[in-house]
Every structure is written in C-alpha cells, then in structure tokens.
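J.: Need a 3D model of the sequence below.
(chains A, B, C and D)
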Amino acid sequence: MDFDFSDDQLSLRDMVARWVDKAFPFDRRHALAKAGGAARAVHTELAELGLTALVIPEAHGGMGLGAVEAMVVMEELGRGLVNAPYTAGALMSPCLLAAAPEALQAAWLPRMADGSALVVPALQEKAARYRLNRVSTRAEAGTDGVWRLSGRKSLVPAGDEADAFLVPARVTGTLDDEAGIALFLVPRDAAGLCVGGHPLQDGARAAELQLENTPATLVLEQAWDRLSLAQDVGIAAIAAESVGLMDRLTALTVDYLNTRKQFGVTLATFQALRHRIADVKMQLELARSMSYYATLKLGEAGDARRRALSQAKVQVGQSARFVGQQCMQLHGGIGITDEYLGSHYFKRLTAVEMQFGDTLHHLGEVSDRMQATAGVFA
Amino acid sequence: MDFDFSDDQLSLRDMVARWVDKAFPFDRRHALAKAGGAARAVHTELAELGLTALVIPEAHGGMGLGAVEAMVVMEELGRGLVNAPYTAGALMSPCLLAAAPEALQAAWLPRMADGSALVVPALQEKAARYRLNRVSTRAEAGTDGVWRLSGRKSLVPAGDEADAFLVPARVTGTLDDEAGIALFLVPRDAAGLCVGGHPLQDGARAAELQLENTPATLVLEQAWDRLSLAQDVGIAAIAAESVGLMDRLTALTVDYLNTRKQFGVTLATFQALRHRIADVKMQLELARSMSYYATLKLGEAGDARRRALSQAKVQVGQSARFVGQQCMQLHGGIGITDEYLGSHYFKRLTAVEMQFGDTLHHLGEVSDRMQATAGVFA
Amino acid sequence: MDLNFTPEELAFRAEVRDWVATHLPADIRQKVRQAQRLHKDDHQRWARLLGAKGWLGYAWPRAFGGPGWSAVQKHLFEEECALADAPRIVPFGPVMVAPVIMAFGTPEQHRRFLPGIASGDVWWSQGYSEPGSGSDLASVKTRAERVGDHYVVNGQKTWTTLGQYGDWIFCLVRTDTQCKPQAGISFLLIDMKSPGVTVRPILLLDGEHEVNEVFFDNVRVPAENLIGEENKGWTYAKYLLAHERTNIADVNRAKRELERLKRIAQAEGVYDDVRLRDQIALLEVDIVALEMMVLRVLSAEKSGKQSLDVAGLLKIRGSEIQQRYTELMMLAGGPCTQAFLFEAMEAGWQGDQALGGLFPGGAEHCAPLTSHYFNVRKTTIYGGSNEVQRNIVAQTLLG
Amino acid sequence: MDLNFTPEELAFRAEVRDWVATHLPADIRQKVRQAQRLHKDDHQRWARLLGAKGWLGYAWPRAFGGPGWSAVQKHLFEEECALADAPRIVPFGPVMVAPVIMAFGTPEQHRRFLPGIASGDVWWSQGYSEPGSGSDLASVKTRAERVGDHYVVNGQKTWTTLGQYGDWIFCLVRTDTQCKPQAGISFLLIDMKSPGVTVRPILLLDGEHEVNEVFFDNVRVPAENLIGEENKGWTYAKYLLAHERTNIADVNRAKRELERLKRIAQAEGVYDDVRLRDQIALLEVDIVALEMMVLRVLSAEKSGKQSLDVAGLLKIRGSEIQQRYTELMMLAGGPCTQAFLFEAMEAGWQGDQALGGLFPGGAEHCAPLTSHYFNVRKTTIYGGSNEVQRNIVAQTLLG
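T.: Okay, the predicted model is just below:
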C-alpha cells in the first residue's frame, strides 16, 4: 500500500509539465479550439516526447509502461488543458489492439508508438447513449472472406484526423447482446466510409462515421470483455485528467480570490467564499483518491474492475460538476468569459462527466454490482 | 388568487396561539413526553377550545369549517410543538366518517366534536411501509351478518387512549389491490382486540393493534378513494404543522446566533452561518408555499389532488430535514441536548418526514403522475 | 384563501393569450421554442408589436401611457408570453430605465425619452457594472466632469448585455470623488452614437456575443441628460434595482422549459429511466414551490395587507432552477450534446442534415443544449450574485 | 504505486484478526453489532483485554510499553477491531492524555499515570469544553489558583463524554487572567474522587446519558499533577488535538455500518427499491473515496516523502458519512423506527416480544435506528465543528 510515485514517474510528470509550459500556452490552446479543434499536430508533438509509445509493448516499439504512468501523463495533460486524442489514441487503442492477431499488432502498433499513425476507437452509437453493448452496426463476412461493416458511429475522437478506427460491430445476437460483438479495424480511406468531422464543446474535435459495406479487418471476434476493459482504461484516463483539470482550476480560483477586491477587501476575506473553496478542495481530493483507485484497479478481474471504475466515475463526475460550477461562481463575471482560461477548464470538466457514461449511468452500474461488503479491500 | 387569511381565520390562529402560550409551555410538553406521550388530556383541552369540532359538519355538532382553518390550527400546533392526536382524531377521522352511513355519523361525530370520543384511523401495517393499498388485515362477514377483522395495525396515533379505531381491511382481492378494501369502525373494547401502547421518538404516543376475529362496524365498502383522501388530509395537516415547527425553530436559531458569542463576537457575525440561515429561510418559505398548495388542492379530483399532495410532501420532507439538521448544527452542542426546546422540534420534524410516506416515496408518486405540463395551474 | 384566479383575471388572461397567439410571428416563436439564437430584428419586431398594442411598457401606470395593470395582471401577461414562446422583453428600456425616468425625470425628459421606449423604437443599454465593480456597485469609477452645459465622460462599463444594439445607455457615473462612494454618483443618459463611445464585444464561454464592454473617451453629454440631482444617482440606482426584481424568479419560463425538458427526455428515450425521471420530478416540485412563492408575493401586493419580502429568495431559487433545467436538458440530451456547431444556434439550421447528414446531434433539439447550460451560469452571478442575495436575506433575519 | 498491502502487513492483519476473533467477548460483540447500549463494564472488559495484550495503547511507542506500530499497522488494527464489531476504544486515556503525558510529563508522571492507562484500569475523562467555549476553546474560564503546593480549582467543564465513569480528568485551567487567552492556560490532571468534584448528567436528544457537566468547587489538586510548565497548557492542548486526529475519519466503522445498512434494507424488503438503493450506492462511493483518502495519508506517513495535510477534510467527510448512514438506516427501517422504547437499546431486549408481542419495530435491528440518527448529530459539532474545519482547510489554501 503505497501511493508514492517512483522517480521515473516523477520525471515523466516533469517532462509533460515542461512541455505544457513551453509549448502549450493558453493562446495556442484557444486558437486550436477556435479553429475547430484539430489536434493532430499536438498528437505529433506528444509522440516526439515519446508519450504515444507509453503503454505500447516494447516488442512493438513502445515503452511498455503501465496504468500508473498513463495516469501521471493524463493528470498533466489535464492540468495543461491539452486537447489531444491521447486517451483514445495512445491508451484505449493500444489496449484494444493488444487482443489483435500478432500481424495486425505488428502492422499498427509501431506506427502508433512513433505517432505516424493515429488509431482511435469508435465506440459510441448515438442511440446507445452510454450502453457500450448496444451495438447496431452490423458486420457480415462476404463470400470473399472479407468482413464488411454497415452502420454509424458518433463522436469518434479526432475522427477526421485519424488514420484508422477500431469499430465494434455486431456479428450475431440482438441489439444489446454482449456476445456477438466483434471488433474491427477500418482505415480511414476504406471504401464506403464517410467521415464528417465537427468541433466539440470542450474545444476538441470528433467525427461521425457512416459505414456502408465498408471492408474491415477483424481484430477480435468475441470483443465484449476487451471493449469493456478499453472503456475502463478510458475512464481511468479521464479521471486522472479531471484531477489535473480541477487542481489547476482550483489554483486559478484561489489566486482570483486572493487578488480580486470588492468592498475594499479581497474576496478571500469572505467566510462564505472561504468555506466554498474548502468544499471545492474536498471534492478535488476525493476525486484524486478515486482516480488513484481507478488506475490501481484496472488490473482486476471483470466485475471487480467494473465496479471500481464505475465507483470512480461517480465520484469524479460529481466532483467535476461541483468544482467546475463553483469555481465559475467564485470568479463572478470574468469566469464565464471566453477569453478567460478558467471557463475552458469548466467546459472540459463538463464534457468529462458525460464521457463514457454520466454520473447517473455509473451510479446504476455501482448499484447493480453492490455486494454485502464494500470498501477498497472489500 | 388570494393567500390572505380572513379575519375569522386570524382569530382562530390567535386563539390557538394564546392557548399554547398559556397552557402548553415547554416544561409541560417535556413532562408529557417523558411520561410516555399520553395526550388525551391535551385533546380534551383542544376540545374545550372547540377545535375538535372544527371540520365536523354543523349538523353533527361541529363547526363545519374547511381545510384552510385546519391549516391555520395545524401551523399553530406545530409552532407550539403540541403533541396531540389532532391530525388523526380531528381531521382524518371526520374525513373518513363523512362517508359512513348517516346513523354511524350521528353516533360518533357529535361526541368527536365535543371531545368526549377520540376516534383515530389505523392505516399503517408494518410490512406495507408507505403503501396505503397494501392491506393484509382481513375482514369476513359471518353468518350472523357481523363483520370480523383479523390482522395487525401499527403506529396507531394515541392508540391506547382512543375510544375507537377506523380500520381498513381487505374483503376481496390480493395484497395490493385498491379495490376490495373496506373501512370499519372498531371500538377499543371490542372482543379480540389487543392494544399495546408505546411512546414515539417525537414524544407522542402510538399503539400496535392486534385484531383476532374482532367484530366491527362497516363504514364504507369500497373505501380506497376515501382512504387516499383522508391520508392526503393528513399530509396537508402535517405540512402545515411542519411550517409551524420550522418557523419556530428558525426563530430560536436566529435568537441563538444573535446571542451566543465565540471568539468575542456573536455567531451572527460569521458569514458562513449567515448564509446557512438564509438557506434555512429558503426551505421554510418553500415549505410554507407548498403547505398552502397542499391545503388548497385538497378539493381537487383524485389524481390531480394526489399529485399535488405528493409534490407538497416532497418539498416539506426536504425542508423539514434541512431545516431540522441545519438548525441543530447552528446551535452547536446545546442544540442536541434533551433539556433544550430546539432538539424536540428537530425530533418532530424528523418524524414528520416519515409520516404518510417519506420523501423518496412521494417522489415516486410525483414521478408516476408526471404530465407534459406542470405548475400550479398546469 | 383561494388558489383560483377571479373571473376577471381569467378573462384578462384569455385576452392576452389570444392576442399573443395572433400576433407573435411564427418564425420568432419557433426560434424561442428551439432555444435558438435571436437577433436584433427578432427582439425589435416583437417589441414593436407589443409597443403598438401598448403592452411593451406593460408595468407602466396609465399616467405614462401604460396599461395600469395590477400585479396579478402583469404576472399573467408574463406567463402567457412565456407559454407562447415569445422572446423575453429586453428589459433595459421599458423595465429598467423607464421607471427611473418616470419617477425622477423632468416632464421634458418624460416627453423626450418615454415614447421611444414605449414603442420599442429606441434600444436602451445598461451602464452599471465596471471592471472593478461586480457586487460592489457603488465603486463606480467612470468619471463625468461638468464643463459648461455638458458633462465630459471618461471610463468604462462592462457586461453591457446586447449593448451592440444600443441607441442609448443609462449610466452610473462619478461626479464627486471627494466623498463616500455612494454619495458622488450621478445617473446619466448617454446617446451611444456620441463621439468617443466604443462598444467592444465580450464573448462568453458559450461562444456567443451577448455582452459588451462600453468605453467612454471624452464623451460630451448635454447636462439636460442628467436624471434628478447631481450626486443623487445612487438613490435612483437602488430604485431601479428594486424594480428589476419584478419577474426575478422567471417561473413562467421555468414552467415552459420543464415542458421542453420532458419533450427532450421523451425524444431521447430516457423519460422512463427512473434515475433521470426522478430528477425531473424533483425539479417539477421545485418549480411548483417557486410558483407558489411568486403567487404569494402577488397576493400580498394585491391585498396590501401583509408585506412579503422574499425578493432575495426568488432571485436565488429562480436562478438555481434555470441552471438546473439546462443541466438536466443537457444530461437528457446525452453525449451527443457535446458536439458543437455554432450554426446550430441559428434558425434554419438543418439539424441532422448538416455535415452531409452526419451531424451527431440528431434531433435539432439537442444541438444548443450544452451551450445553454454554459450560458446560464451567469444567472447566479448577475443581478446581485446569489452570495449577495444571501447576505440580504440573512440581514432581514439577523439584523 | 501499489494498492496492495505488503505480505508483512497482511500477516499483521491476520494476527490481529485472529486475536480479536478469539478474545472479543461474544456478548459485547453482539451489542455492537445490534448498535445497543454499552455500559461501563462492557467498555472496561474490552479495554482490559486489550491492555493485557499490550494493545490498548496501540499507538504508543515501544519506549512507553506500546507496540510501536507503524501508521499502516495502527490502521489495520483499527479496521480489524471495527470489522469484528469491537467497541470503540474510549480514547480519553490511551489516545488523548497519554501522548501528552509522554511528551510533556516528568518521568515520575510517566510512572504514575501511564500503567493505569495502558492496562485499562483507570478511566480518564476530558475537561476541555466549558459552557462559554465551544469552538472557541481558548476562552477557558475554570480557574486554578496556586496555593502552596496545591492548585485550588473552581469552575465548570461540560460535554464530558462518559465522565460519569471517570476516575481522573485532564483539564485545561486558567492560571493567569492577565494575559492573552491562550497564554494563561495550564494542563492539570485531577482525581475525580477529590472533594468538590461533582458530575451531573446531560441527556442528549436521544434520551441517552452520554455526556456530563463536571463542576469544580474549591478542588485541591497537588501541584505535581501539573503537566509541563504553568501557563503553557495551550501548547499541550494543541498537541493533544493533533493526536486526536488519528482515525478521525473512522472509515473502518463506516465500512462496517454500510454493511449493516444493507442488511437492514434487505430485511425490510427495500434493498431492491432503486430509489433507496441508489442512495446506498452513493454512500458506498463516498466511503470508498474516504477510505482511499485515509490510505493516502497512511502512505504519506509511511514513506515520509510527501506530507498530506487533509485532517480537516477527513473530519468533515467522516462525520458527514456517519450522519448519512444513520439517516439511511432510519429511512430503510421505515416508519416503525419512529417507535421509541428506551429498553430497546439494551442487550437482552426481546424485540418483537416486548409489549406482549406488540412492539411495532419488528425485527430488533429497527429499534435503535432513529436514536442513532439523533445521536450522531453531534459528530459534525464536536472535535472542532465542521465549520471550524472548513476555516482551517480554507486557511491552508488561501492563507
């Protein structure tokens, strides 16, 4: 039981933080968002730092590091408000591809590691909302032995900048069956694939994919467990990102309270506001605790992992909403302007709560999985 | 649209308030509670004031007044923390008996009006929790034409001080069927009736009734609608009582904040506490608003009345909990002592939330009855 | 005690309902119903229609050409407008500055300014807040120096809502720096076309241009544009703020938006999800309670028997409810509300047809939901922040 | 980073678990499990068993006869005791005054006082709060005047938990009235059997006798009972409060009570009611998050690498969670928890058999639920109210 970071992990954190300081100031971030959220260039810079190789096995040109390192990177990307498809492209996709045939791994992972290829999962179907198992996209094996996919995927991260997509599609079963979902790889230039990119509220970019008899390579036939794991990897990643976001937004708010004067004194002299910032700190530390929990539970077996990750998402979702809203309120008018850094942290925190299932959704997941005992070592 | 009280209503309020001031000081209330909560003597005093006659028709010796007058009385009884079986004996039972055969009304209502008889409803079955329709007590008509009841009722208000009980029992149907519930009158000295009285957490008194082939008089054969109405009368009554309770507890807390010194200044100088009392005031006024709503909606038809009363109970339940808990907190240690008046308001507010359905129960009722439009005039 | 409106009140309501149904332009109604972007022309068309009917200054007394409605009638008018998906009346002219002009202006000022406000022809803006003054309104720094028969104004106002459309602006300006902050303030009406007035947009976090900074650089303002006495402006400012409180809870719109929330939840297939539905049910209770509180205020005004000072509570609760329904709409809309298309705020936007049929927002109703959630973060900050309101409420209780 | 305990830590946990399972008397365990009333004998039997094992002073260093456990070991010990339904260790002796005696007492005082604390034979009480001092602890008024080789003590302490059983009491007393409040306080140990000491019960709102007033009327206390220097008591008091923070979150007991809440909900047939169940699920998340926060503190103490000052947060959250689980237990228990039988708090109470079989509470678990809900209202007030804790948290952030 040890929550210290190793020296290597601390160096990793410093490296990311230094890059943010140097290369990702607010005006760059703001300009990228205004321009529609394209972030491939940022992804490339992260690749140059070696970060896209982080969790890819050494055998495939990666660094073979683990969930804790991913958490460290995500916290710093959050603190720096970096909108890059890192969770999708550098953490979730390698997790999904780890279950692929060796040749497919060899074909893609090294290029993903060096940043020359960006592969992102396309897990969301609009009508499914947060049900990962509600897959209506169909896959059929043609007489030529080629799988072809038809259907539609939404909110695919950096979709119109990616080189390929990891697409779950239904081979058998009814709409919600967990069995019968297979995972495919579809290059962006595949026939019958239409990609429509659009900006997101948080300043990033996503795309809608329309597949019509689009040829695809099979990654994994019974993909449900792996999809669930990859989404949990995503949850842990954005939990860590949220901690970074909240940490920095809280710091901004503390600075503001200590600077802004009303009625001749700083806002920090008002007890009601002092207690509010104490409540913000509470939510931040609870979320940080559950971010650690999420990351350290990723290695557990199915249901124990699922329960833990949903518990974490419930806490992070509540914290993100509270910290975001209260820090806006504590800033007054300046906080809700587009030119102020803080409002963009709030917007990203809003998006985080709705990514991979909102708070009510994950509360349902926790509720469905409750056992007699509970706790970290239950 | 008019929320002013008439002069008669204001006089009624003053009369009750004067009686509380003169005859029901805290030490009397405290002593009654300590002695087990018996309140028949208090009921008799309210009868002497004419209050037990309030809603009973003039034809039966009552004053024939309505829901607004009942609300006025209940607010004052709440403000005075009066634990008498007024809601049960003077408001709900007359409502139930209004559907009885004329002879039965003539036999009981005049004596209820003058306080010589106390008749209370026995609506609660333990396993039913808050489901009024879950009636497992059985009624069977013997060959002698006499109905006999068997079953058990819980938490019957002032049960071991009452003269008779109004008891719902199942004639036909399965456990939860609304049809098939009839209402009976059972005198306390009926054969096969065992009454076990006990104190309540709020200082009042209730009883457990055990009925074994107990002979009973039929009040109403299809009693469901009337039972539901009577419970809604009860909800409106305790909503008004809660307003009185909260009003007084808030005033006590305001006094305390303006008196108690810490760090050389009164507590009222601390902004965090000032904001808390503002939040208390908010909950009080929302509850007061919904108490009016509850009372003024009692005359509406079935589902509209039900929805309104449940909406009111949700608000009052939330307010009662918040105001009770926060006023305790604002008092610090003194607030939670038995010798301090305020703690008894808190205890009654706790009981109110769990009477006739707690907040979650009524939220379910509201949710089940939602319509496209909402609002006071929806 | 009676929850019902009188027959007269009901007849009045029916009259308003009929008139609004007949006169509110369908395109404007559709924009409001879809919560899309309103432009100057939309606001002004509706204002002029109301103006022609004599209802733009709906709270004005008859003496000044208003309809002389009772508090209940004003409420019913507001409710009918909200339920019919009419745009909010832009308040700066008819609701805010007009009562000040009526109460403290000269007959000449009445003649000069009120007709343009009543007709909807002249667009007024508000010049209260400054960069250094948020809740601390009296710390006005914008300077007005008397030079002959003019004031020369220098300084900056901010958070000027829809100021980009403004013809005139009413301002708190400092005319005396040697006294207590409140004592040296004057209330000045300034033609925004005067040389030296610059309006600069402030984008809010939803990306919309709703508020502005207004700069004054040696702006010459005729002395006859001063309202009341010099250095007495704080009195007039407080009078205005008290009038601003009307309809502060905005419960009529909340009722309308609750209906919309239910429509969205149904369309998205989550109306029967007990978790979300319970949140909607709780909000429904909140809104009914707020409406009852508003009705209690109206009743008290009507009878004059008992005063009911709950303005602070109405502001707090009304703004919290606004924030809550937009939050629930966003959550009901689901993940696709996180797509951001600036065009989606415009009428005529084709929803699902955008992006070659690939916009993820699906039904049009989802597109603006997150923007709206962002937009209403302001409601707990402006008009006296909810923290300031709590101070006021506590003051009435604790002294 | 590693969420797992080391093999050594796990072995330690197993040892504690075995020992507690073997030694905790079944009747005491049953009372704790049913949340019934514990009497002096219950507390003391368990204290003496722990004392005999050398574990009553489980946080003591070896130098003073303690086990010298690490922070993690202390946590595991607390957790195992909680999970086994052991009573809380009454903290006033072993957890509160002992560290002060060790740190600031003389060798003679060590010899005289520590053995009785370690063995569980001597019952200590706390004399901090006074009627006029709640959160403002330094406003101590109880006077101790030096007369020869004695102090003569006059005044009153209050909120003295379980003081009715006390053999000794440690008190903050005022020995100098001419200086700043903090500067004139001394730390005095007083034999409660001394003439002039009177203990008077305060009933709390649940009707239980848990706290007391303690009056001092010309009580003569030998000067050798002074800890450290005269007028330096405030320093020792703060040292004690810092030590009191150990286990302040009480998350181990919360885990246990969550389990009990689920048992109650199941027994009452509402475990599958989604509305209540969601509330339990939310509480489960709260408890896991609190436990992780506690573990982070332990890890920081273990490595010494990074300090983690979240004591205020732990107090706030821990107490809120205590209040919440008792509230949910009451709500899960349903309307029959509103029945009040004082006897129901006693072991041996026959539950459904009381009142001739007519007690409505049904299953025994329901009887004390409302009393417990009432009882724990204190947790957000005592030990530095949650408002004071928020002041402290804000201070670390804002200065």
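J.: if I pick the closest residue to A:Ala84 other than its chain neighbours, what's in contact with it?
T.: Among residues not flanking A:Ala84 along the chain, A:Val42 sits closest, at 4.3 Å (CB to CB, 6 or more residues apart in numbering or on different chains). The C-beta positions use only the backbone N, C-alpha and C, and glycine is treated the same way. Each residue near A:Val42 by CB atoms under 8 Å, 6 or more residues apart in numbering or on different chains is listed here: A:24, A:32, A:82-84.
J.: Export the residues you listed to TSV and append columns for secondary structure and pLDDT.
T.: Formatted as TSV, the contacts of A:Val42 follow (DSSP: H, G, I helix; E, B strand; the rest coil; pLDDT from 0 to 100):
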residue	secondary structure	pLDDT
A:Phe24	coil	97
A:Leu32	helix	97
A:Val82	coil	97
A:Asn83	coil	91
A:Ala84	coil	95
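J.: on that earlier part again, tell me which residues in the host helix or strand of the residue nearest to A:Ala84 are buried?
T.: Per DSSP states H and E, A:Val42 falls inside helix A:40-48. By 16 or more other CB atoms under 10 Å in any protein chain shown, the buried positions in helix A:40-48 come out as A:40, A:42-43, A:45-47.
J.: Check stretch C:22-31 too.
T.: Applying 16+ other CB under 10 Å to stretch C:22-31 flags C:24, C:28-29, C:31 as buried.
J.: do the same with stretch A:55-65
T.: A:55-56, A:60-63, A:65.
J.: what's next to that stretch, contact-wise?
T.: Applying CB under 8 Å, 6+ apart, the contact partners of stretch A:55-65 are A:50, A:53-54, A:66-67, A:69-70, A:90-91, A:94-95, A:98, A:105-106, A:109-110, A:112-114.
J.: what does stretch C:63-79 give?
T.: Outside stretch C:63-79, the residues that touch it by CB under 8 Å, 6+ apart are B:1, C:5, C:9, C:12-13, C:16, C:54-55, C:57-62, C:98, C:102, C:110, C:114-115, C:118, C:246-247, C:252, C:255, C:294-295, C:297-298, C:301-302.
J.: for stretch A:20-30, same thing?
T.: With contacts defined as CB under 8 Å, 6+ apart, stretch A:20-30 is touched by A:42, A:45, A:76-77, A:79-83, A:203, A:341, A:344.
J.: where do the helices sit along chain C?
T.: C:7-23, C:26-33, C:40-53, C:71-83, C:98-104, C:107-119, C:233-244, C:251-267, C:274-303, C:311-333, C:354-357, C:369-375, C:386-398 (DSSP state H).
J.: Columns distance to A:Arg13 on top of those helices, output as CSV?
T.: Shown next, in CSV, are the helices of chain C (distance: least, CB to CB, whole Å):
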stretch, distance to A:Arg13
helix C:7-23, 60
helix C:26-33, 49
helix C:40-53, 51
helix C:71-83, 52
helix C:98-104, 58
helix C:107-119, 60
helix C:233-244, 50
helix C:251-267, 42
helix C:274-303, 37
helix C:311-333, 33
helix C:354-357, 39
helix C:369-375, 31
helix C:386-398, 36
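J.: These: lowest mean pLDDT?
T.: The stretch with the lowest mean pLDDT among these is helix C:354-357, at a mean of 56.
J.: Tell me, how many residues neighbour residue 184?
T.: As the question left the chain open, I've gone with chain A. Residues lying near A:Phe184 (other CB atoms under 10 Å in any protein chain shown) number 25.
J.: wrong chain, I was asking about chain C
T.: C:Gly184, neighbours per other CB under 10 Å, totals 19.
J.: That one and C:Thr175 touch, don't they?
T.: Yes: C:Gly184 lies in contact with C:Thr175 (CB atoms under 8 Å); the separation is 6.0 Å.
J.: overlap in contacts of the two?
T.: Taking CB under 8 Å, 6+ apart as the contact criterion, the residues that touch both C:Gly184 and C:Thr175 are C:Asn231.
J.: re earlier: ok, of the contacts of stretch C:63-79, which come out buried?
T.: Those of the contacts of stretch C:63-79 that meet the buried threshold are B:1, C:5, C:9, C:12-13, C:16, C:55, C:57-60, C:98, C:102, C:110, C:114, C:118, C:246-247, C:252, C:255, C:294-295, C:297-298, C:302, by 16+ other CB under 10 Å.
J.: Let me know the helix or strand that the closest residue to chain C within the stretch 101-250 of chain A is in.
T.: Residue nearest to chain C within the stretch 101-250 of chain A: A:Gly196 (3.1 Å; CB to the nearest CB). For A:Gly196, the host element (DSSP H and E) is strand A:193-199.
J.: Pull out the buried positions in the next helix or strand after that strand.
T.: Counting by DSSP H and E, the next helix or strand C-terminal to strand A:193-199 is strand A:205-220. Across strand A:205-220, burial judged by 16+ other CB under 10 Å covers A:205-211, A:214-220.
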